[in-house]
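Participant: I need the structure of the sequence given here:
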Amino acid sequence: MSVIISRPVQLGRYDNSWYDPGGTFLRRALWFFCGQPILRAAWIPSSRLRVGLLRAFGARIGAGVVIKPSVDVKYPWHLVVGNDCWIGEHCWIDNLTTVRLGNDVCVSQGAYFCTGNHNWSDPAFGLMMAPIQLGDGSWAGAQCILTPGAVLEPGAIAAVGSVISGTVPTFEIYAGNPARFVRRREIKAAAGELHEMSAEVRS
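Facilitator: Sure thing, here's the model as predicted:
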């Protein structure tokens, strides 16, 4: 016999007072009212300005990073980006905790990185968090979703529109919702390397 519990979910009991978003109150206020609107602005084309703005608010960003207009970052001080990364239009990095990108990482348009979730077994719907990590040379495809704790290992791909929970292994491509293995990723030699190889063969 099933038991019916009156008000099994009680959102009025929700309490995230334990969560520390980092940064001082002043820094968070300045980011919310000044920094974030500039970062989101579609009418500002300058990637250099966006990179400088994020660094000024505590993000650790390497050289050669390109950040397109209309990107949203919740807390810059929880963002770590390596060298030569691309972040496309309308990406939302919802980083209650750390989001870390290695070198040569591509994040395509509309990707959503979600580091926070709720405990559905808790009547008070308690907050849960886990960091997201993208390894060197990985690619988060357009409008994909990376859930808390998601990892793209080096060279891995989250295909367009995929929903990633857990880990995508090195040089594997995952697609769908929930995402599943599709195929191995194969990297061809660059044009210069091919030219050098052919020259060695001729000699």
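
Participant: Could you check stretch 107-118 and say which residues are buried?
Facilitator: For stretch 107-118, a neighbour-count test (16 or more other Cβ atoms under 10 Å) marks 107, 108, 109, 110, 111, 112, 113, 114, 115, 116 as buried. C-beta coordinates here come from the backbone N, C-alpha and C atoms, glycine included.

Participant: swap in stretch 152-162?
Facilitator: 152, 153, 154, 155, 156, 157, 158, 159, 162.

Participant: what phi and what psi does the backbone show at the fifth one?
Facilitator: As for residue 156, its main-chain torsions (degrees, to the nearest 10) stand at phi -70, psi 160.

Participant: on that earlier part again, which ones among the buried residues of stretch 152-162 map onto strands?
Facilitator: 152, 157, 158 (DSSP state E).

Participant: Tell me the spacing between the residue positioned nearest the centre of the chain and residue 170.
Facilitator: What sits nearest the mean C-alpha location of the chain, by Cα atoms, centre = their mean, is residue 113, with 4.1 Å. From residue 113 over to residue 170 the distance is 20 Å, taken as Cβ to Cβ, to the nearest Å.

Participant: so where is the protein shaky, pLDDT-wise?
Facilitator: 1-5, 190-203 (pLDDT under 70).

Participant: all helices for it, in order.
Facilitator: Applying DSSP state H to the chain gives helices spanning 25-30, 36-40, 47-56, 191-202.
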